[in-house]
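Novice: Requesting a structural model of the entry that follows:
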Amino acid sequence: MLEISGLTWAVTIGLIVVLLALDLIIAAARPHKVGFAEATAWSLFYIGVAIAFGVWFAAAYGGDFGTQYFAGYIVEKSLSVDNLFVFVIIMTTFAVPEKHQHKVLTFGIVLALVMRGIFIAVGATLLSLFSFMFLVFGALLLFTAIQLFRHRDEDPDVENNAVVRAARRFLPVTEEYHEGRLVTRIAGRRMVTPMFVVLIAIGGIDLLFALDSIPAVFGVTEEAYIVFAANAFALLGLRALFFLVQGLLDRLVYLSTGLALILAFIGVKLMLHWAHVDISASVPEISTPVSLGVIVLVLVVVTVASLIKTRSNPEAKAHAGSLRATKEPAERES
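Specialist: The predicted model follows:
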C-alpha cells in the first residue's frame, strides 16, 4: 500500500496551485489570441512537468507505482482530448471571442479540478469500504462505453442543456461579452454576460466528464494520491493543448470509438478485480503494464486510422460523441 505523508500531499497540491495561479495570472493580465508557437511551448512545459513528476514518483516509491501513475496520466490525457472537442463546441455555440478563450479554458480547468477532487475523495472512500464498488464502477464504465459508441457520430447538445436553458431563462443575459466580465451593469440594472453562461456550460460538462474519468483512472490504480496527481497533471496542460490541436481535432474521426474501447476495457478490468477479490482468487486480473500497453495501442491505432481516413476522405469530420441521442433541429422546433 502506498504511504504518502502529509508534507508530500501539501507540496503536490501547492505545485498544482502555483501552476494554476500562473495560468490565471497570464489569462487575466494579457487577454490575447494564443498562437501556435506559444501553445506548443506551454504544452511541452506541462508535459515535461508531468513526466518529471512521474520520474521522481517512480524513483521515490517504486516502479510499480510509477507505472500506475503514467497509465493513469495517459488515460486522463486521452479523455481530456474529448473535453477539448466539447470546449470547441461551447466556444463556437456561444461565439466566445478568441482573446477570451484562454480565460474560459483556465476557469474550466479549475472547475474540473475541484469537481474531480471531490469525486476522488468520495470514490476512494467507497472503494475502501465496499469492495462491490469495483463492480459498480466497472458497470458504469461499460454503460458509458456502449452509449459513447452508439452516439460516436454525434455531438453534445450544449445549447439545449437543462442548466444552460435555466440560466438563460432566469438570469438577465447581455448580448455582448463586455471585455470578458461575468457581471456588468446596464442602465442601472445588474446583468450577467454570455461569459457567465459559458462557464455554467463548461461546469456542467466538467461534472459529466468527472463521472466517467474518475472510475476510469481507479481502474488503473486504487491509490487516491496517484488518481489525484494523474488527473491534475493531465488537466493542467489542457488550456495549451486546446490551442495547439484546435485545428487537428476535426481529423480525429475515430477518437470517440477509441475512447469507448478504452472505457470498456477498464470497465472489464474493474469487474474482473471485483470477481478476483469477492468471488474467487482463480479469476484472472489484468495487470497495470498490460493496461498501459492496451491503452497506448488503442490511441496509436485510432490516431493513425483517423489520419488515413481524413486523407482519403477530406470531408470526414470528427465528433465528440454523446451519451444520449441528440435531437435534430426539426425536433427541437416542434
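Novice: tell me which residues in the helix or strand where Val114 lies are buried?
Specialist: Assigned by DSSP states H and E, Val114 falls within helix 98-129. Within helix 98-129, the residues that qualify as buried by neighbour count (16 or more other Cβ atoms under 10 Å) are 100-113, 115-117, 119-120, 123-124, 126-127. C-betas here are computed from N, CA, C, even on glycine.
Novice: Could I get the buried residue list for the helix or strand where Ile90 lies?
Specialist: Using DSSP H and E, Ile90 sits in helix 63-93. Along helix 63-93, these residues count as buried under the neighbour rule (16+ other Cβ under 10 Å): 65-91, 93.
Novice: Please apply the same query to stretch 238-253.
Specialist: So stretch 238-253, judged by 16+ other Cβ under 10 Å, has buried residues 238-246, 249, 251-253.
Novice: Equivalent analysis for stretch 287-299, please.
Specialist: Buried residues in stretch 287-299 (16+ other Cβ under 10 Å): 288, 291-292, 294-295, 298-299.
Novice: Let me know the closest of the buried residues of stretch 238-253 to His273.
Specialist: Using Cβ to Cβ, Leu238 comes nearest to His273 of these, at 29.1 Å.
Novice: Determine the number of other residues adjacent to Phe137.
Specialist: 24 (other Cβ atoms under 10 Å).
Novice: mind listing what the nearest residue to it once chain neighbours are set aside touches?
Specialist: Take Phe137 and drop its neighbours on the chain: the residue closest to it by Cβ to Cβ, 6 or more residues apart in numbering is Pro215, 3.9 Å away. By Cβ atoms under 8 Å, 6 or more residues apart in numbering, the residues touching Pro215 are 123, 137-138, 140-141, 266, 270.
Novice: Pro215 and Ser291: what is the separation?
Specialist: Distance, Pro215 to Ser291, using Cβ to Cβ, to the nearest Å: 14 Å.
Novice: go on, Val49?
Specialist: Taking Cβ to Cβ, one finds Val49 at 24 Å from Ser291.
Novice: same check, this time on Thr184
Specialist: With Cβ to Cβ as the criterion, Thr184 and Ser291 are 49 Å apart.
Novice: Likewise for Pro156?
Specialist: 28 Å.
Novice: again, but for Arg169
Specialist: With Cβ to Cβ as the criterion, Arg169 and Ser291 are 45 Å apart.
Novice: that older thread, so which elements touch the helix holding Val114?
Specialist: Secondary-structure packing of helix 98-129 (3 or more Cβ pairs under 8 Å, 6 or more residues apart in numbering; DSSP states H and E): helix 6-29, helix 63-93, helix 133-150, helix 194-218, helix 224-236, helix 238-245.
Novice: just how off-centre is the next helix or strand after the shortest one within its chain?
Specialist: Read it as helix 238-245. Next helix or strand after helix 238-245 toward the C-terminus (DSSP H and E): helix 255-278. Distance of helix 255-278 from its chain centroid, counting by Cα atoms, centre = their mean, to the nearest Å, is 18 Å.
Novice: Please name every helix or strand in contact with helix 255-278.
Specialist: Using 3+ Cβ pairs under 8 Å, 6+ apart: helix 255-278 touches helix 63-93, helix 133-150, helix 194-218, helix 288-312.
Novice: Among those helices, which comes closest to Ala21?
Specialist: helix 194-218 (18.3 Å).
Novice: Could you pull up the mean pLDDT of the closest one?
Specialist: Mean pLDDT, helix 194-218: 78.
Novice: Which positions within it qualify as buried?
Specialist: 194-207, 209-210, 212-218.
Novice: Tell me which of the buried residues of stretch 287-299 has the lowest pLDDT.
Specialist: Lowest pLDDT among the buried residues of stretch 287-299: Thr288, 81.
Novice: ok now do it, which residues does it touch?
Specialist: 64, 67-68, 71, 220-221.
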